[in-house]
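Asks: no FASTA, just this:
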């Protein structure tokens, strides 16, 4: 690995950063909203699965009495 001076490293980092296709504000907000919607949907799904499994386990344990 070649040794580089700090100034050369910073220059190369800036060059690489300029090549990045940065998302627009609209793209970022749309993506964030989709993430929040998916989190809400998955939260409801896992709550329902948890309640169903809890009821099933309670039913199984109640059969032993």
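Replies: Thanks, I have the structure now. Keep in mind that this is a model prediction, so the values were computed, not measured. Numbers count the residues shown, from 1 in each chain.
Asks: now do residue 41 against residue 35, distance only.
Replies: In this structure, residue 41 lies at 11 Å from residue 35, with C-beta to C-beta, to the nearest Å as the measure. In short, each C-beta sits where N, CA and C put it, glycine included.
Asks: revised request: answer the last question for residue 56.
Replies: For residue 56, the distance to residue 35 - C-beta to C-beta - is 31 Å.
Asks: chain center to stretch 30-40, what's the gap?
Replies: Distance, stretch centre to chain centre, for stretch 30-40: 10 Å (C-alpha atoms, centre = their mean, to the nearest Å).
Asks: average pLDDT across it?
Replies: Averaged across stretch 30-40, pLDDT comes to 98.
Asks: same question, stretch 47-59
Replies: Computed over stretch 47-59, the average pLDDT equals 94.
Asks: quick one: secondary structure of residue 22?
Replies: What DSSP: H, G, I helix; E, B strand; the rest coil gives for residue 22 is coil.
Asks: show the backbone phi and psi for it.
Replies: Here the main-chain torsion angles of residue 22 (degrees, to the nearest 10) amount to phi -80, psi 140.
Asks: so what's the residue count around it?
Replies: Neighbour count for residue 22, taken as other C-beta atoms under 10 Å: 8.
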